[in-house]
Structures are given as C-alpha cells and as structure tokens.
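**Q** fold the following and give me the result.
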Amino acid sequence: MVELKTDASIDAMHAAGRVVGRALTAVRHAARVGVSLLELDEIAREVLREAGASSPFLGYRPSFAPTPFPAVICASVNDAIVHGIPTRYRLRDGDLLSVDCGAELDGWAGDSAVSFVVGRPRPADLRLVDTAERALAAGIEAAVPGNRIGDIAHAVGSVCRTAGYGIPQGFGGHGVGRRMHEDPEVPNEGRPGRGLPLRPGMVLAIEPMLIASGRDHYYEADDGWTLRTTDGSRAAHAEHTVAVTESGPRVLTAREAL
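**A** Model (predicted):
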C-alpha cells in the first residue's frame, strides 16, 4: 500500500534528508587515497550522532541477507554495484566509489547515494558517473502528478541505454516514509504511461544503477550483500529521495555543492 504524505510529513522527511546529505558530503570530503572504508563509515556515523538521527542501514536484514548489515553506509568500489560492506580496504588512486546512506529522524527516513572517483579519474569513469547523475535528474523531472511510475522508469532507462550502459535487472528505487523501503517499487527501466499513477504526497527514492560494459549481469559476493558486475566492469549509483508535489518534484536529500 502506498501512503500519501502530508506537507508536514514531507517537511519532516526533508529534515531527515538533510542529515543524509550532510553525511554524504562529509564522506566525500574525507574519501582520499589511503583512507579506509571503515573510516568513512565512522565519519557518517558521527554526522548521524550529532543530528540525533539513527541509521536504517545498521542492522537491516531483508529476506535475502544472511546477516544484518553492519554499517551505516554502503561503500561499493569499482566493480561493486551496490550494497558494499565497509571494510579495512584503503582507497587507491583512481578508485570509483559509490556511497549509499540513510537516516531516520523523528520517525521519518531519507535515502541517497552518490558516486565519485578518488584521486586521478579515468575519463570513462567520469562519463559513467555523469550519466548516472543525468539519469537521476531525468527520473526526478518525470516525478510529477499525472505521470506514472513507468514514466520515471523510462526516463532513467533511456538515459542509461542511450549512453550504452547496462542496468542490473531486479534492482531500482522504492517508496520512502516511516521506513526506508516502502511501496511502490520504482524500476530503472520501463514503458512510459504504465504503472501506478503519481499523486501529490508520494515520496520515492529514485536510484539509477549503471554498468559500464553495457551488460546487465551481476552476481552476489560471498558476503551475501555486495552485488558485483560479472565481467569486472565498473559501476555507478546515484539516488535521491523525492516528493511528488503539485508544484513539481521536491528533492529531500539535496547535498551541499563541493
């Protein structure tokens, strides 16, 4: 069931979203060559603590997971698409890092992700990251009353496919509210004019995931969480929590400009 949020509830979700934005900004500032993924997780934990927020990631255990998630961020490096568990791995020059983070504040959740290159970037990685952001922007632009979920999916997928990238099937966005994952599902590829109608008060996480090789295949790593590309190609992930309103899409997890 899809819950429509009031204006006051969306404002409260914006407060949670600002915490997520601050955490991702702090992690990105700290992500340098030689810094470990566990150190980045601790930085995000501190941002949440200072805000009086909790993490919807920490301890999360969906049906597919063998163990509860042990961190407040997902840190996915190079061929990892999503759900990477922070480890002692220290970032290297040219690593492509995707960081996903959530926050719960006063009973409401926010969820967002960003991808970037550490150190000297490869042009191909910059193009991949830029396309993920453009796909996210296209999906957000389609999140208006009168459209349907398929219009968001088509907007995201068209940007990805036109650029020649793969899309991991079965993974995409979702509703957000009192919990991090709510109805409806928001696929990253689909047909326009199909699916659930978008109504004011719906709040959605729109999150393109791109595979550089153009193939859609992935596998689950031994940790039971991390999804990796089968051919070792790099991946990128971008995400915002967005409210559908009468006046247009409202991004609830906007980050400070770096």
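
**Q** quick check: phi and psi at V33.
**A** phi -60, psi 130 (degrees, to the nearest 10).

**Q** and the pLDDT for it?
**A** pLDDT for V33: 98.

**Q** for burial, what's the neighbour tally of it?
**A** Here the count is done by other C-beta atoms under 10 Å, and V33 has 13 residues near it. Using the backbone N, CA and C atoms, a C-beta is placed for each residue, glycine as well.

**Q** oh, and call the first residue 504 from now on, that's how I've got it
**A** All right, first residue 504 from here; so that's V536.

**Q** contacting residues for it?
**A** V536 is in contact with 593-596, 621-622, counting by C-beta atoms under 8 Å, 6 or more residues apart in numbering.

**Q** mind checking which of those residues are buried?
**A** Neighbour counting with 16 or more other C-beta atoms under 10 Å marks 594, 621 as buried within those.

**Q** what separates the closest residue to S558 other than its chain neighbours from F560, distance-wise?
**A** Nearest residue to S558 in three dimensions, chain neighbours excluded: V575, at 3.9 Å (C-beta to C-beta, 6 or more residues apart in numbering). V575 sits 5 Å away from F560, going by C-beta to C-beta, to the nearest Å.

**Q** more neighbours, the two?
**A** Using other C-beta under 10 Å, the more surrounded residue of V575 and F560 is V575, with 27 against 23.

**Q** so that one touches A547, yeah?
**A** Yes: shown here, V575 and A547 form a contact pair, counting by C-beta atoms under 8 Å, at 5.1 Å.

**Q** list residues touching both of the two?
**A** Common neighbours of V575 and A547 are listed as 526, 604 (criterion: C-beta under 8 Å, 6+ apart).

**Q** and the helices in the chain, which stretches?
**A** 510-533, 540-554, 626-644, 652-665 (DSSP state H).

**Q** which strands and helices sit next to the third one?
**A** Okay, so that is helix 626-644. strand 599-608, strand 611-620, helix 652-665, strand 706-709, strand 712-714, strand 738-740, strand 743-746 (3 or more C-beta pairs under 8 Å, 6 or more residues apart in numbering; DSSP states H and E).
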